[in-house]
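>>> sequence and predicted model, in that order:
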Amino acid sequence: MKILHTADLHLGRQLNGLSLEEDHAVILDQILDALIATRADILIIAGDIFDRAAPPATAVRQFNHFLSRVASETEAAVAMIAGNHDSADRIGSMAVMTDRRRALIQGPLLRAAPPLVLEDSHGPVAFSALPFAYEYAARDCFSDPTIAMPQDVLSAQIADARALLPAGARWVVIAHAFVAGGESGESERPLARVGGIETVSPETFAGAHYVALGHLHRPQTVGGDHIRYSGSPLAFSFGEAHEQKSMTVVDLDGGGKVQTEIIAFSPPRAVRLLRGTLAELLMQPPSHDIIKAVLTDTTPQIDPMRRLREVFPNACQLSYARDERAPELKFAISHAAPADPMQVIADFVEQVRDEPLSNAETDLVKVALADLDTEENAA
């Protein structure tokens, strides 16, 4: 059985005010091309299809057009779930008129939801779709008031799904979760309430031959080679600027063993972080990539963003290196003798701006300290 695993499309998302609609169009074409080229039996989208519960109409049309092409241009089945960014009801409504022999679309959390069962030369493969759900929804669905954290939600879903497996079937689980050991980035939204434990144990998926995960945007495995995040197809923050985004082709053999192949995405615009003086950046080759510029100039520059956009029209964020530096202040407090005020001030200034006091500044501080001494003695 050949599976194409994707997740976290986040259709409708912007990056610092820049629309990613054209970038997403290219990515969806590449997913379709990979389906055709690999002759995958099924496409998995493991949640966060849209970036928000009420996505723009253009994003909905874009995804509907993509699904229509998958249906008409390939023979692949489709299995997808709602993620924490999606409206579960919106995703669930897509299943109303679908061919249940070829599609598994799970939006709201449902009890005893049957798996999609596909056959290959080795027998049946059961695909269980476990949509993201918060604790309150799971307590209601499973009539279990003790469900208090994401681990409890997923454990209840797995137990429910396991009971519906056909005898002898290999088992693929599709979930949207933060599995312990995974490496997160800066663009994922937390899955638990403030102060709650949002991670779930890899052991939760015991018995599954492959676990297709969504939520974390960096491609990675956790707890075993068969538990995998495909990652997002695009970089959604400058913290992901240097990551190679990809989709995963999974070959599931007759014994349930998996072999994977990574297919890299080629977005039309890279997300890049450029660092240097304004003059140095303006000398670089023009590009339509999405740019964050970190200027190393020691003094403020005149209208730097306008000048940068003459070379990089999609520059959308600018900062100065001196402002981004978070100084690590280390001051030892001596209880043996009072600290010299002049030395404390000199050390503080050097820590904050990475330069010592000048002679003129030293003289000013000395005068100010002398004035303070005079006022204290007069009091």
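Yep, it's here.
>>> what sits closest to the residue nearest the centre of the chain if chain neighbours are left out?
Geometric centre of the chain, nearest residue: His217, 3.2 Å, by C-alpha atoms, centre = their mean. With sequence-adjacent residues excluded and distances taken as C-beta to C-beta, 6 or more residues apart in numbering, His217 is closest to Ser232, at 4.0 Å. (C-beta placed from N, C-alpha, C; glycine too.)
>>> surely that neighbour and Lys245 touch.
Yes: counting by C-beta atoms under 8 Å, Lys245 is a contact partner of Ser232 at 6.3 Å.
>>> mind listing what's buried along stretch 7-20?
7-13, 15, 18, 20 (16 or more other C-beta atoms under 10 Å).
>>> neighbour-wise, which of Ser232 and Lys245 wins?
It is Ser232, of Ser232 and Lys245, that has more neighbours when counted by other C-beta atoms under 10 Å, with 29 against 22.
>>> ok, the more buried one - contacts?
Contacts of Ser232 were listed using C-beta atoms under 8 Å, 6 or more residues apart in numbering, and they are 7-10, 187, 217, 240, 245.
>>> SS state for Gln151?
Per DSSP: H, G, I helix; E, B strand; the rest coil, the secondary structure class of Gln151 is helix.
>>> which residues does the closest residue to it other than its chain neighbours bridge with?
What sits nearest to Gln151 in space, not counting adjacent residues and going by C-beta to C-beta, 6+ apart, is Val200, at 4.6 Å. Per DSSP bridges, the residues bridged to Val200 are Val179.
>>> what pLDDT does Val200 get?
With respect to pLDDT, Val200 scores 95.
>>> now do the residue nearest to His217 against Thr298, distance only.
37 Å (C-beta to C-beta, to the nearest Å).
>>> can you list the residue ranges for strands in the stretch 1-150 of the chain?
In the stretch 1-150 of the chain, the strands defined using DSSP state E, counting those that start in this stretch lie at 2-6, 14-15, 18-19, 42-45, 77-81, 103-106, 116-120, 123-130.
>>> may I have the strands that pair with the first one, each with its orientation?
Pairing partners of strand 2-6, with direction, according to DSSP bridges: strand 42-45 (parallel), strand 246-252 (antiparallel).
>>> ok, residues contacting that strand?
Contact with strand 2-6 is made by 31, 34-35, 38-46, 76, 172, 210, 212, 228, 230, 233, 247-252, as judged by C-beta under 8 Å, 6+ apart.
>>> recalculate using a threshold of 7 Å.
31, 34-35, 38-45, 172, 212, 228, 230, 233, 247-252 (C-beta atoms under 7 Å, 6 or more residues apart in numbering).
>>> what number of residues lie near Arg306?
Other residues close to Arg306 by other C-beta under 10 Å number 9.
>>> which SS class is it?
helix.
>>> from Ala279, how far out is it?
Taking C-beta to C-beta as the measure, Arg306 and Ala279 are separated by 15 Å.
>>> with distance to Ser358 added, can I get the strands of the stretch 1-150 of the chain in JSON lines?
Converted to JSON lines, the strands of the stretch 1-150 of the chain look like this (distance: least, C-beta to C-beta, whole Å):
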{"stretch": "strand 2-6", "distance to Ser358": "58"}
{"stretch": "strand 14-15", "distance to Ser358": "42"}
{"stretch": "strand 18-19", "distance to Ser358": "43"}
{"stretch": "strand 42-45", "distance to Ser358": "60"}
{"stretch": "strand 77-81", "distance to Ser358": "62"}
{"stretch": "strand 103-106", "distance to Ser358": "66"}
{"stretch": "strand 116-120", "distance to Ser358": "72"}
{"stretch": "strand 123-130", "distance to Ser358": "64"}
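>>> ok, Pro356 - contacts?
Pro356 neighbours (C-beta under 7 Å, 6+ apart): 346, 350.
>>> any idea which element it lies in?
Using DSSP states H and E, Pro356 maps to neither a helix nor a strand.
>>> ok, now Asp160?
Assigned by DSSP H and E, Asp160 belongs to helix 150-162.
>>> okay, the angle between that helix and strand 123-130?
Interaxial angle, helix 150-162 versus strand 123-130 (axes from the mean of the first three to the mean of the last three C-alpha atoms, to 10 degrees): 150 degrees.
>>> could you check the pLDDT of Ala379?
Reported pLDDT for Ala379: 60.
>>> how is this structure divided into domains?
Following automatic domain parsing, the chain resolves into domains at 2-264, 271-324, 341-378.
>>> which residues in the stretch 251-379 of the chain form helices?
278-282, 304-309, 321-324, 341-353, 359-378 (DSSP state H, counting those that start in this stretch).
>>> next, format these as JSON lines and append distance to His176.
Below are the helices of the stretch 251-379 of the chain laid out as JSON lines (distance: least, C-beta to C-beta, whole Å):
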{"stretch": "helix 278-282", "distance to His176": "39"}
{"stretch": "helix 304-309", "distance to His176": "37"}
{"stretch": "helix 321-324", "distance to His176": "33"}
{"stretch": "helix 341-353", "distance to His176": "43"}
{"stretch": "helix 359-378", "distance to His176": "56"}
